[in-house]
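Novice: please find the sequence and the predicted model below.
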Amino acid sequence: MRSLLLCVLLIAACDDDDKPQDLSGPPDMSVVPPDMTTVPDLAPMPDQAPRGWTAQTSTTTVSLSAIWGANASNLYTVGDTGTILHTTGNGIWTSQVSMTTDLLFSVTGAGASHVWAAGDNGTIVFSTGNGTWAKETNANAAPLGGIFAADATHIWAVGDAGNIRFSTGNGTWGGETSGTADPLFAVWASGATDIYASGNNGTIVHSTGGGSWAPQTSGTSDVLLGMWGSGPTDIYAVGASGVILHSSGTGTWTPQSTGMARHNAVHGSGKTDVWIVGAGQSGEALLAHSTGNGMWQVSPAPVNKSLYGVFAVSPTDVYLVGESGLILH
């Protein structure tokens, strides 16, 4: 299950006939993704990964949606059927019991002792970092595509029909008014008073805290699937049709380009180290890297399997996750 909250994520690949996609209405966030076995499986053995990348043993064959880490020795990835994997940075990933079988789309944290994951059916689970997870109370069952913790007491999750949920870290989630009915796929914050969310039809909304959100003009009608920033004056939004938008925090968004057909996720270790994962015109998996100057260097992914998440601990410590349990480092 990886489409439109991960089949919007695979817009081009979801149509075998390459027919134009109708994005005029809210996507069905329960759609099961296509079988990707038609893509050549070029996965190398761990000691054969090209271009400096190493394939790590994930202990799962389900697709992995996202990855987050508190530091280089404490990282999590989440995905289908409630999968949560953890590593101490030693290349070994161990499964943790998530207390759900729902697809988990996103994972975030506020340090090693406050970690959340969110996904289908409004599911939100929490861990103190001890390997045990518990469901939190969320009365809204709409699928949640993104979750982000500004700190341990300011956490947002976003999803279908413009749904925005907020928690103070007490285990209970309430609603905020986004001002849009468009599905939201990503959320990011530089702090408790500077929060962004993005989604369908180029929607970007911003909040200064307190539950109120205001729209910003993105200049695109494409679906925006991922957001990340190095700080309040350096924010990216990426998505379908190869769209990249950058803002210095003024409310104005400027387009950039990689030449890729779509971008599934964006993350960086800092302003001069930014990564995007996505696909080319023929559906081939691609990576793009920027030093923050607006220019992007694109390269084939080490393995031609769909990539859904990226997390950069440092310029030399980067993780990619995706289809069929793929983890690259």
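Specialist: Happy to help now that I have it. Numbers count the residues shown, from 1 in each chain.
Novice: residues near Asp234, how many?
Specialist: For Asp234, the count of nearby residues is 19 (other Cβ atoms under 10 Å). Placement of C-beta: from N, CA and C, glycine included.
Novice: so what's the spatially closest residue to it that is not a sequence neighbour up against?
Specialist: Using Cβ to Cβ, 6 or more residues apart in numbering and skipping the chain neighbours, the partner closest in space to Asp234 is Lys271 (5.2 Å). Going by Cβ atoms under 8 Å, 6 or more residues apart in numbering, Lys271 touches 230-231, 234, 292.
Novice: just give me the closest of those to Ile84.
Specialist: Nearest to Ile84, judged by Cβ to Cβ, of those is Ser230 at 26.7 Å.
Novice: ok but that closest one is inside a strand, no?
Specialist: Yes: checked against DSSP: H, G, I helix; E, B strand; the rest coil, Ser230 lies within a strand.
Novice: got the contact list for it?
Specialist: Counted by Cβ under 8 Å, 6+ apart, Ser230 has contacts 268, 270-271, 274, 292.
Novice: now swap in Val78 and tell me
Specialist: Val78 neighbours (Cβ under 8 Å, 6+ apart): 64-67, 84-85, 98, 104-107, 117, 119.
Novice: how does it look with 6 Å?
Specialist: Shown in contact with Val78 (Cβ atoms under 6 Å, 6 or more residues apart in numbering): 65-66, 84, 104, 107, 117.
Novice: I'd like to know which of those residues are buried.
Specialist: Listed as buried from these are 65-66, 84, 104, 107, 117; burial here means 16 or more other Cβ atoms under 10 Å.
Novice: now the residues you listed as CSV including secondary structure and distance to Leu75?
Specialist: Shown next, in CSV, are the buried ones among the contacts of Val78 (DSSP: H, G, I helix; E, B strand; the rest coil; distance: Cβ to Cβ, whole Å):
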residue, secondary structure, distance to Leu75
Ser65, strand, 14
Ala66, strand, 11
Ile84, strand, 11
Leu104, strand, 15
Val107, strand, 9
Ala117, strand, 13
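Novice: so which of these comes closest to Thr54?
Specialist: Out of the buried ones among the contacts of Val78, the member with the shortest distance to Thr54 (by Cβ to Cβ) is Ala66, at 20.0 Å.
Novice: please name the nearest non-neighbouring residue to that closest one.
Specialist: Gly309 (4.2 Å).
Novice: how about whichever strand or helix holds the one you found: buried residues?
Specialist: Assigned by DSSP states H and E, Gly309 belongs to strand 307-314. Along strand 307-314, these residues count as buried under the neighbour rule (16+ other Cβ under 10 Å): 307-313.
Novice: stretch 78-96 too?
Specialist: Applying 16+ other Cβ under 10 Å to stretch 78-96 flags 78-80, 82-87, 93, 96 as buried.
Novice: quick one: which of those sit in strands?
Specialist: 78-79, 84-87, 93, 96 (DSSP state E).
Novice: Ala149: which of those is nearest?
Specialist: Nearest to Ala149 among those, with distances taken as Cβ to Cβ, is Val78, at 14.4 Å.
Novice: so where is the chain shaky, pLDDT-wise?
Specialist: Residue ranges of the chain with pLDDT under 70: 1-51.
Novice: at 90 instead, please
Specialist: 1-52, 302-304 (pLDDT under 90).
Novice: re earlier: any chance of the buried ones among the contacts of Val78 in TSV, plus distance to Ala149?
Specialist: Output for those, formatted as TSV (distance: Cβ to Cβ, whole Å):
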residue	distance to Ala149
Ser65	17
Ala66	13
Ile84	16
Leu104	15
Val107	10
Ala117	11
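Novice: pick the one among the residues you listed closest to Ala141.
Specialist: Leu104 (15.0 Å).
Novice: for Ser282, give its distance to Ala261.
Specialist: For Ser282, the distance to Ala261 equals 8 Å [Cβ to Cβ, to the nearest Å].
Novice: those two: which has the busier surroundings?
Specialist: Ala261 (19 against 10).
Novice: so who does that one touch?
Specialist: So Ala261 contacts 12, 242, 279-281 (Cβ under 6 Å, 6+ apart).
Novice: now it: how far from Ala288?
Specialist: The value you get for Ala261 to Ala288, if Cβ to Cβ is used, is 12 Å.
Novice: and for Lys135?
Specialist: 36 Å.
Novice: the more surrounded of these two?
Specialist: Between Lys135 and Ala288, counted using other Cβ under 10 Å, the more crowded position is Ala288 (24 against 14).
Novice: mind checking how far the closest residue to Ala285 other than its chain neighbours is from Ser58?
Specialist: Sequence neighbours aside, Ala301 is the residue nearest to Ala285 in space, at 3.6 Å (criterion: Cβ to Cβ, 6+ apart). Using Cβ to Cβ, one gets 16 Å for the distance from Ala301 to Ser58.
Novice: the two: who's more crowded?
Specialist: More crowded of Ala301 and Ser58, by other Cβ under 10 Å: Ala301, with 24 against 21.
Novice: in this structure that one contacts Ala288, no?
Specialist: No: with contact defined as Cβ atoms under 6 Å, Ala301 does not reach Ala288; the gap is 10.4 Å.
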